[in-house]
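[1] quick one, what's the 3D model for this:
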Amino acid sequence: MANANTKKLKTAKELARPEIVFCLVRVPGSSRLFFAGSDMTIHDVDLSPTKPEPKEIGTHGSYVTGLVLAGKIVLSGGYDGRLIWWDSETRKQIRVVAAHTKWIRKVAISPNGKTIASVGDDMVCRLWDAGDGKLLRELRGHAEQTPHHFPSMLFVCTFAPDGQFLATADKVGHIVIWDTANGKPIKTLEAPGMYTWDPVQRKHSIGGIRALAFSADGKYLAAGGISKIGNIDHLDGKARIEIFDWQKGEKTHEYVDDKFKGIIEHLAFHPQGDWLLGGGGANDGFFLFFDLKANKALRQEKAAMHVHAFVLDEKAETIYAAGHGKIQVLNT
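    Predicted coordinates for the structure are as follows:
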């Protein structure tokens, strides 16, 4: 995708869905996906046939917001506070863990596939053994309340490429980077431009960091969300990305989208660092490719849905995207 600024995304396949798809994971080297969302059900689908037929694996008691793949195990997390292990071949439930006392917002897996991270609105990140489900560590570094004394939310977590570090981020734009070996915080970063408080019309706040991604070399940490919002009842703020040289604690890039409004829901770096891809939406959806070297958007494209999650193939030439009422396969 070296010419990402000169090409247009092309839809290779589209799978209509009745629910909002919040998360998906892809089996490496294949077109097989696991996905889940507002219907509370984990699905298994091979997208290679002309008419793919999703199969149900199992359900949660509420929205499913996180999925990871550990070998042949699919692990899901949801608003019911549970983590559930599933056998991807037999589609049988293996284990259930009461992981959080409030909604689980995101689940991540370490690069070696041995450790699971989960974050929830109890403002705790927990690390789990992917094999036996045992709790390894609790990471506490996010305030339970916003500065205006309302409940906060812990939206996202992601591992660094070497697995030595984990980043977490919350509603008020507070980021913590942790040492996964000892569970200690080693750096904090702030992105308050992604948080809006309206003390006039209504005592209400909105925003937060919804996406995090480390660059392939581990140097940069990108955070995505929404800029300051005028009308807190609508996502009328501009999409926003901030990038940090996290070890130095310095913000290196700040990008406010001049074309699309809405929340950046997911971020991913190109394996060679050519660009950063963000996806999200408001009433509709968008993708944007950001060039770190040029410090500008390579391209901004409207999506057929509010994008909640996506995964890239091994060469970063295909995007598997999920969102409101759709799963899409996009070629670049």
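[2] residue with max distance from the center of this structure?
    Residue farthest from the centre of the chain, counting by Cα atoms, centre = their mean, is Val200 at 31.6 Å.
[3] surely that one forms part of a strand?
    No - according to DSSP: H, G, I helix; E, B strand; the rest coil, Val200 belongs to no strand; its state is coil.
[4] any idea how far it is from Lys248?
    Val200 sits at a distance of 38 Å from Lys248 (criterion: Cβ to Cβ, to the nearest Å). Every C-beta, even on glycine, is put in place using the N, C-alpha and C of the backbone.
[5] check Glu242 too.
    In terms of Cβ to Cβ, Glu242 sits 14 Å off from Lys248.
[6] higher neighbour count, those two?
    Using other Cβ atoms under 10 Å, the more surrounded residue of Glu242 and Lys248 is Glu242, with 23 against 10.
[7] isn't that one right up against Glu254?
    Yes - with contact defined as Cβ atoms under 8 Å, Glu242 reaches Glu254; the gap is 5.2 Å.
[8] common neighbours of the two, please.
    Residues touching both Glu242 and Glu254 (Cβ atoms under 8 Å, 6 or more residues apart in numbering) are Gly193.
[9] pull the distance from stretch 82-99 to the chain's centre.
    The chain centre lies 21 Å from the centre of stretch 82-99; the measure is Cα atoms, centre = their mean, to the nearest Å.
[10] can you list the buried residues in it?
    Within stretch 82-99, the residues that count as buried by 16 or more other Cβ atoms under 10 Å are Arg82, Leu83, Ile84, Trp85, Trp86, Ser88, Val97, Ala99.
[11] contacts for it next, please.
    The list of residues contacting stretch 82-99 from outside it, by Cβ under 8 Å, 6+ apart, reads 27, 34, 42, 44, 55-58, 60-61, 69, 72-77, 81, 104, 107, 116, 118, 120, 126, 128, 133.
[12] start and end of it, how far apart?
    Terminal residues of stretch 82-99 are spaced 5 Å apart (Cα to Cα, to the nearest Å).
[13] now do that stretch, average pLDDT.
    Averaging pLDDT along stretch 82-99 gives 97.
[14] point out where the stretch 151-300 of the chain drops to low pLDDT.
    Residue ranges of the stretch 151-300 of the chain with pLDDT under 70: 201-204, 231-235.
[15] where do the strands sit along it?
    All strands of the stretch 151-300 of the chain, identified by DSSP state E, counting those that start in this stretch, fall at 154-159, 165-170, 174-179, 184-190, 195-198, 204-207, 211-214, 220-226, 238-245, 250-261, 263-269, 276-281, 285-291, 296-303.
[16] which of those strands sits closest to Thr146?
    strand 204-207 (5.8 Å; Cβ to Cβ).
[17] now do the closest one: everything it contacts.
    146, 148, 150, 171, 173, 194-198, 225-226, 228-229, 232, 237, 263.
[18] one more time with 10 Å
    When contacts are defined by Cβ atoms under 10 Å, 6 or more residues apart in numbering, strand 204-207 is touched by residues 146-148, 150-153, 155, 171-173, 191-199, 225-229, 231-235, 237, 240, 263.
[19] on that earlier part again, how about the strands of the stretch 151-300 of the chain in JSON lines, adding distance to Lys92?
    Formatted as JSON lines, the strands of the stretch 151-300 of the chain follow (distance: least, Cβ to Cβ, whole Å):
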{"stretch": "strand 154-159", "distance to Lys92": "27"}
{"stretch": "strand 165-170", "distance to Lys92": "30"}
{"stretch": "strand 174-179", "distance to Lys92": "33"}
{"stretch": "strand 184-190", "distance to Lys92": "38"}
{"stretch": "strand 195-198", "distance to Lys92": "42"}
{"stretch": "strand 204-207", "distance to Lys92": "40"}
{"stretch": "strand 211-214", "distance to Lys92": "32"}
{"stretch": "strand 220-226", "distance to Lys92": "36"}
{"stretch": "strand 238-245", "distance to Lys92": "40"}
{"stretch": "strand 250-261", "distance to Lys92": "42"}
{"stretch": "strand 263-269", "distance to Lys92": "29"}
{"stretch": "strand 276-281", "distance to Lys92": "32"}
{"stretch": "strand 285-291", "distance to Lys92": "34"}
{"stretch": "strand 296-303", "distance to Lys92": "35"}
